[in-house]
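Trainee: missing the sequence, but the structure's below:
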């Protein structure tokens, strides 16, 4: 994933609670910060949802997992790994974050997650099971972080079906890897464009990547401002609205195997894309003042590093 050095444990569904009022799409600000919250302990600071730093506008709960039924997912709070954090308190914390104007979504996938949506039956199973989790826990929507491939035809079907069930408050985020967004002919990019009418933001993972092509055809190495801006440009020029593009980076060097950049580099990239200032050697041909913002893996690694990422990048995003 967003670099999951450990993947959470599996199954268990509890009785459904009433669906939360669908009114939170409006709560996603024009410039938003997304953070992944770890439902497992991999050495980063353990947090409850209530502990998540206030700079985060969208909190992606990582992760839901596949069941034995193709397309179906479930969520099991890792209470043991999180120091006894209980399901009732978790649900209350979801509601409290929403009352504070935040959106909380359930993330599907991760580095080791395998959820297959390859036909109409599995698309229905996906939509029904994710909607069930939204009803049970109060989630505002879903994050698609499938790193082992997806089928654009059936994932589109699944997401459109889910959005229809969820109604007007639905929040849809995605966290593709860099390779997934190099071309509009790729399945992930096609999915994003197919669901553009219901898509909140694509926070591509600009890490664990190696070198990639920018929109100018030049090769850029991860870990630089040019890598962030020249790759974001592909999405901006490829059909996504600027409000649907965010920059995804690790919160600390421990949050990913490679590709960490200092918060100041993220802020420079945001300035380059929105204002045409603080660019490196690559400078986009136009500016995108409506750019949505930034994402990090994870709120836990951010906390481990003294909240340096959210304090710096969060304030910068909200000041765009």
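Mentor: Done, it's in. The structure presented is a predicted model; accordingly, all values stated were derived computationally and were not measured.
Trainee: chain center to the strand or helix carrying residue 204, what's the gap?
Mentor: Using DSSP states H and E, residue 204 sits in strand 201-205. Centroid separation between strand 201-205 and its chain, computed with Cα atoms, centre = their mean, to the nearest Å, is 6 Å.
Trainee: cool, and stretch 48-59?
Mentor: That offset, for stretch 48-59, works out to 14 Å (Cα atoms, centre = their mean).
Trainee: likewise for stretch 220-231?
Mentor: Relative to its chain's centre, stretch 220-231 lies at 19 Å (Cα atoms, centre = their mean).
Trainee: how about stretch 311-319?
Mentor: 17 Å.
Trainee: ok so, going back, for the strand holding residue 204, name the packing helices and strands.
Mentor: Contact here means 3 or more Cβ pairs under 8 Å, 6 or more residues apart in numbering; DSSP states H and E; on that basis strand 201-205 packs against strand 32-38, strand 171-174, helix 225-237, strand 245-250, strand 293-297. Bear in mind the C-beta positions are built from the backbone N, C-alpha and C, glycine included.
Trainee: what's the burial count for residue 97?
Mentor: Using other Cβ atoms under 10 Å, the number of residues around residue 97 comes to 24.
Trainee: quick one: contacts for the spatially closest residue to it that is not a sequence neighbour?
Mentor: Excluding its sequence neighbours, the residue lying closest to residue 97 (Cβ to Cβ, 6 or more residues apart in numbering) is residue 104, at 5.5 Å. Contacts for residue 104 (Cβ atoms under 8 Å, 6 or more residues apart in numbering) come out as 49, 58-59, 61, 94, 97-98, 138-140.
Trainee: do residue 55 as well
Mentor: 33, 310-311, 313-315, 318.
Trainee: turn those residues into a markdown table, including pLDDT.
Mentor: Converted to a markdown table, the contacts of residue 55 look like this (pLDDT from 0 to 100):
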| residue | pLDDT |
| --- | --- |
| 33 | 98 |
| 310 | 98 |
| 311 | 98 |
| 313 | 98 |
| 314 | 97 |
| 315 | 97 |
| 318 | 98 |
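Trainee: quick one, which of those residues are buried?
Mentor: Neighbour counting with 16 or more other Cβ atoms under 10 Å marks 33, 310, 313-314 as buried within those.
Trainee: filter these down to the ones in helices?
Mentor: With helices taken from DSSP state H, there is no overlap with the buried ones among the contacts of residue 55.
Trainee: give me the contacts around the following helix or strand past the strand holding residue 204.
Mentor: Following strand 201-205 in sequence order, the next helix or strand is strand 212-213 (DSSP H and E). Outside strand 212-213, the residues that touch it by Cβ under 8 Å, 6+ apart are 178-179, 182, 219-220, 222, 227, 231, 234.
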